[in-house]
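Q: Next come a sequence and a model predicted from it.
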Amino acid sequence: MNTCAVRDFKSADRALNEKYKELMSLLSPENQKRLRSEQRGWLKKRDPNCKSEAKLSEGGSMWPLEYYECLKSATTQRTKEIEHWQISR
C-alpha cells in the first residue's frame, strides 16, 4: 500500500508539473512571475502540512501511506487550481 501511495503521488506530481509548464508557456512575463511566486509559496506549505496531518501515525507503518496520500491529494487539488488559474486570468 505504501508503494502504491508513493507511485500515485509521483503521478499526481508529474501531472502538476506538466500543467504548470504548459500554463507558464502561455502567460505574459508579469503573470509568469505571479504564478511562480504563488507556486513556490504553495510548495513551501504542502510538505509541512502533510507531515502535520500524518503526525499521529509518525514512526508507524501507516505513516508513509497517510503522508503520501496527503501529498497526492494536495497536489491534485493544486493542479485543479492551476487549471482554474489559466481560465480566470
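A: Nice, I can see it. Numbering: from 1, shown residues only.

Q: For Gln86, give me the pLDDT.
A: Looking at Gln86, its pLDDT is 67.

Q: what does Asp8 give?
A: Reported pLDDT for Asp8: 98.

Q: any idea what sits nearest it, other than its immediate chain neighbours?
A: Lys72 (5.1 Å; C-beta to C-beta, 6 or more residues apart in numbering). The way it works is simple: take the backbone N, C-alpha and C, and place the C-beta from them, glycine included.

Q: pLDDT value on that neighbour, please?
A: pLDDT, read off for Lys72, is 98.

Q: if I look at it, how far off is Glu30?
A: 32 Å (C-beta to C-beta, to the nearest Å).

Q: returning to what we had before: what about the residue nearest to Asp8, how many residues nearby?
A: By the criterion of other C-beta atoms under 10 Å, Lys72 has 20 neighbours.

Q: Likewise for Trp85?
A: For Trp85, the neighbour count with other C-beta under 10 Å is 19.

Q: same check, this time on His84
A: Neighbour tally, His84, other C-beta under 10 Å: 10.

Q: Using the three-state scheme, assign it.
A: helix (DSSP: H, G, I helix; E, B strand; the rest coil).

Q: What strand or helix carries the residue nearest to Asp8?
A: Lys72 belongs to helix 63-88 when assigned by DSSP states H and E.

Q: just checking, what packs against that helix?
A: helix 2-26, helix 29-53 (3 or more C-beta pairs under 8 Å, 6 or more residues apart in numbering; DSSP states H and E).

Q: Verify the stated contact: the residue nearest to Asp8 with Ala12.
A: Yes - assessed by C-beta atoms under 8 Å, Lys72 is found in contact with Ala12 at 4.7 Å.
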